[in-house]
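> no sequence for this one, just the structure:
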C-alpha cells in the first residue's frame, strides 16, 4: 500500500499570516477606541501638538456619516446589501 505524502504548507500560503494581521488590526482598533472613550471628552479638542488635536465624536451612520440621521434601519439595510453581494 503506498504511503500518503504529506505536503507541508507554508504559513504564507495557508493564510494564517493574514488572519494574524486581521486580529492585530481589530485589537488595535478596539484598543484605540477604548482609550479615546476613557481619556477624551465629547466634542472637546485635546491638543496633542501644535496643529494636531484629538476630539471624541460618534458616527451613527455609515461611511462619512451617510444616513446618520435615520432611526436605525440603515444598519440592517446595508447588512442585507453586503450579504447579497457576498452571495453573488
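Looks like it came in fine. If you're wondering where the values come from, they're calculated on a predicted model, not measured in any experiment. Numbers count the residues shown, from 1 in each chain.

> from now on I want contacts and neighbour counts done on CA atoms only, so please keep to that.
Fine.

> how about the strands in this protein?
Taking DSSP state E as the criterion, the chain contains strands spanning 46-49, 52-54.

> how about a markdown table for these, with mean neighbour count added?
As requested, these are arranged in a markdown table below (neighbours: other CA atoms under 10 Å):
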| stretch | mean neighbour count |
| --- | --- |
| strand 46-49 | 10 |
| strand 52-54 | 12 |
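
> indicate which one of the ones you listed is closest to residue 80.
Comparing the strands of the chain against residue 80 with CA to CA, the closest turns out to be strand 52-54 (33.9 Å).

> now do the closest one: which elements does it pack against?
Counting by 3 or more CA pairs under 8 Å, 6 or more residues apart in numbering; DSSP states H and E, the packing neighbours recorded for strand 52-54 are strand 46-49.

> between the strands of the chain, which one is nearest to residue 18?
Each of the strands of the chain has some distance to residue 18 by CA to CA; the shortest is strand 52-54, at 30.5 Å.
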